[in-house]
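Trainee: here is a sequence together with a model predicted from it:
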Amino acid sequence: MNFYTYNGNQPQNDTRDLFLWRLLCYPEFMKPFDVVGVGYCAVDYLGIVPRFPEVDEKILMEEFSRQGGGITATAMATVGRLGGRASYIGKVGDDDFGRFIIAQLEKEGVHTGSMVVQPGASSQFSFVVVDKPSGKRTIFWTHSDIRFEGSELRWEDVLSGKVVHVDAHHPSAAIQAATWANEAGIPVVMDAGSVREGSKELVERADCLIASSLFARQFTGQDDSEKSAHLMFGGRRKISVVTMGEKGSVYVTEEGLFHQPAFKVKVVDTTGAGDVFHGAFSFGLSQGWGFTEIIRFASAVAALKCTKLGGRAGIPTLEQALAFLRLAP
């Protein structure tokens, strides 16, 4: 990765260079946020059913909820719930869904002032059907007519945190944000759910690559998660992680390969578990924790999320997560 360097002389004219110079040369220069997230947001309609219905069958939902959703938006909501300072940068329409997305983020203390609102556009939303016996879910999601481009970002917004968190749903914006972060020496965390347009370029810019087992298999061609974690690490990033649901996760650092088992909880719904894991990871990274501590913490936060319906209702506070870890094996 290429990092922005200076010869020690303060730039006189270019505002961006001046900002980066202050960022690099003055450790005491305080950033307003711990984590800045650039990526996907949505509204989730969630329902628990006693079993998954057959085609053309009606079935009564046992529980229903409407929550904010989306990969990076939920990750930033996690940072906020844990007490971190989060900023979310994404794009919504000026519809009810868009207003709900913003309100739900602000409810968690997440800064939304850098978001883009597109007049006349329809914001993203999903239907999530949860199978009660297993806690596993089926998601029906909309792409909407929203496209978030890198040209709509402001570098001063992206570089206002200790960590930059991205996903690949809006590749142009994510790649631009990651490029600026690389130049400024800010670590980039990538949430890699499945291979899509721009994934390869984004992977090249990720300091911390956190991939689902699906992405790892698609990207490396390896069915073995340990082998794919090694391949994605490649000796050129800080950490590569492969999440495996109830099997936990494996991760590779310069110190070697490690396995983190999943914590045992009473699972109600797995929706958003990965998003919450990524948010907790970025929070821990922003606090300067070691990777072993971060992965164990993120695993605990994601497990606790699964005890309630939806991607956000079960996210614990920092105190709740630490209390859980004190009692965990």
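Mentor: Structure's in. What do you need?

Trainee: and T271, what is it in contact with?
Mentor: 44, 46, 69, 128, 130, 137, 139, 309-311 (Cβ atoms under 8 Å, 6 or more residues apart in numbering). (Glycine included, C-beta is placed from N, CA and C.)

Trainee: highest neighbour count among those residues?
Mentor: G311 (33 neighbours; other Cβ atoms under 10 Å).

Trainee: can you give me the strands for the chain?
Mentor: Assigned by DSSP state E, the strands in the chain fall at 33-38, 42-49, 63-69, 86-89, 91-93, 116-118, 125-131, 137-141, 161-167, 188-192, 208-212, 239-243, 249-253, 256-260.

Trainee: how far off centre is the second one?
Mentor: Which is strand 42-49. 19 Å (Cα atoms, centre = their mean, to the nearest Å).

Trainee: which neighbours does it have in its sheet, and in what orientation?
Mentor: strand 63-69 (antiparallel), strand 125-131 (parallel) (DSSP bridges).

Trainee: could you tell me the least trusted of those?
Mentor: Here the lowest mean pLDDT among the strands paired with strand 42-49 goes to strand 125-131, at a mean of 91.

Trainee: which among the strands of the chain is found nearest to L325?
Mentor: Checking those against L325 by Cβ to Cβ gives strand 256-260 as the closest, at 12.2 Å.

Trainee: all helices of the stretch 151-300 of the chain, in order?
Mentor: Remark: helices assigned in the stretch 151-300 of the chain by DSSP state H, counting those that start in this stretch are 155-158, 171-184, 199-205, 213-220, 225-233, 273-286, 291-305.

Trainee: and the end-to-end length of stretch 134-152?
Mentor: Taking Cα to Cα, to the nearest Å, the first and last residues of stretch 134-152 lie 41 Å apart.

Trainee: could you number the chain from 393 rather than 1 from now on?
Mentor: Sure, I'll start counting at 393 from here, so that last one is stretch 526-544.

Trainee: do you know the pLDDT at P419?
Mentor: So P419 comes in at 47 (pLDDT).
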